[in-house]
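*Asks:* Okay, predicted coordinates and the sequence, questions at the end:
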Amino acid sequence: MSQLLKIYSDGGARGNPGPAAIAFIATINQGMTVKADSRFIGIRTNNQAEYEALLMALRVAADSKAQEVVCYLDSELVTKQLNGEYTVKNAELLKLNRQVQSLKGCFKKITFVNVPREHPQIQRADALVNKTLDEQEGKCVQKNDPKEPPLKERHGEAGMFVHASIRTSNMERSIDFYSRFLGMKLLSRREIKQTNAEIAFLQDTEGKGCRLELTFYRNQTKFGQPEYEERLFDHLGFEVHDLKKTIADMKKENITITDEPYKFGPNTTIAFVEDPDGTLIELIERK
């Protein structure tokens, strides 16, 4: 391939680090697509995924005997590292950077250009990344329940309760709270461009319980809980192994405890706390 090859690559991780996928679009002439590909790469950071997406594209370009390549990336950090404007301090990124540098010898000319996320071809690559991650997430659910019959066979025409959604004013803080204190695992997070929002899904580490959806609306300027008697939503319920320890750990970080532990039955003890945004949570210990 003697003509100019343009590569638009993108990589993303849901969790940073988290499940990650990479994709690229390769075009010639006036934008004619000659190759597009994507794949799941396991647990990575966003920056690692950006590098690996470029590497996948460059290997394809080298195999096609391309002589001149222009690489378009929406990551300013990665682009400036590749152009020598930024020093690569992270050990993992340094390894990936060196792999890219070693591939430069396959081409007579190679250029790295930073473009906005809104670039149409980057949007195409981003869509491939998210499609691959969605498909991988579906495979994981099937692996967790290999003998589980289809939903329609189990419940007829009715559905099943799959997740509860609450709003957050600080996504990172909420993920940290539900992960550290309640043992939840971040499954995925994604941008919802139509509403300028971000959502994240969490679930217990065994993947058996209901999922919790955290929603962060960037345009929301007023955030507060009404008085308890005026709320329509009541509370979330979480089973914990050691209620006394959980409450003690929360008190160390000034988490609001609205009701101290008390017996709810012969084998059940419960307590009520609030998450960082005031959502009421029931903690349940069964022995």
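*Replies:* Received it, and whenever you're ready, just let me know what you need.
*Asks:* Can you tell me the element Phe177 falls in?
*Replies:* Element membership for Phe177, per DSSP states H and E: helix 171-180.
*Asks:* For that helix, name the packing helices and strands.
*Replies:* For helix 171-180, the packing partners by 3 or more Cβ pairs under 8 Å, 6 or more residues apart in numbering; DSSP states H and E come out as strand 184-192, strand 197-204, strand 211-217. For the C-beta atoms, the positions are set from N, CA and C on the backbone; glycine is no exception.
*Asks:* would you turn the ones you listed into JSON lines with mean pLDDT and distance to Asn29?
*Replies:* Output for the helices and strands packed on helix 171-180, formatted as JSON lines (pLDDT from 0 to 100; distance: least, Cβ to Cβ, whole Å):
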{"stretch": "strand 184-192", "mean pLDDT": "90", "distance to Asn29": "32"}
{"stretch": "strand 197-204", "mean pLDDT": "92", "distance to Asn29": "37"}
{"stretch": "strand 211-217", "mean pLDDT": "93", "distance to Asn29": "42"}
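*Asks:* Among those, which comes closest to Lys109?
*Replies:* Closest to Lys109 of the helices and strands packed on helix 171-180, according to Cβ to Cβ: strand 184-192, at 34.5 Å.
*Asks:* ok, Glu239 touching Ile281?
*Replies:* No - if you go by Cβ atoms under 8 Å, Glu239 and Ile281 don't touch, sitting 11.5 Å apart.
*Asks:* quick one: which of those two has more around it?
*Replies:* Neighbour totals were compared for Glu239 and Ile281, and Ile281 leads with 21 against 16 (other Cβ atoms under 10 Å).
*Asks:* So which residues make contact with the helix or strand containing that one?
*Replies:* Remark: Ile281 resides in strand 280-286, with elements defined by DSSP H and E. By Cβ atoms under 8 Å, 6 or more residues apart in numbering, the residues outside strand 280-286 that reach it are 182, 228, 234-243, 246-247, 258, 261, 264, 267-275.
*Asks:* Could I have the buried ones of those as PyMOL selection syntax?
*Replies:* Buried residues among the contacts of strand 280-286 (16 or more other Cβ atoms under 10 Å), as a PyMOL selection:
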select buried, resi 182+236+238+239+240+243+246+247+261+269+270+271+272+273+274+275
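*Asks:* Restricted to helices, list the contacts of strand 280-286.
*Replies:* Leu243, Thr246, Ile247 (DSSP state H).
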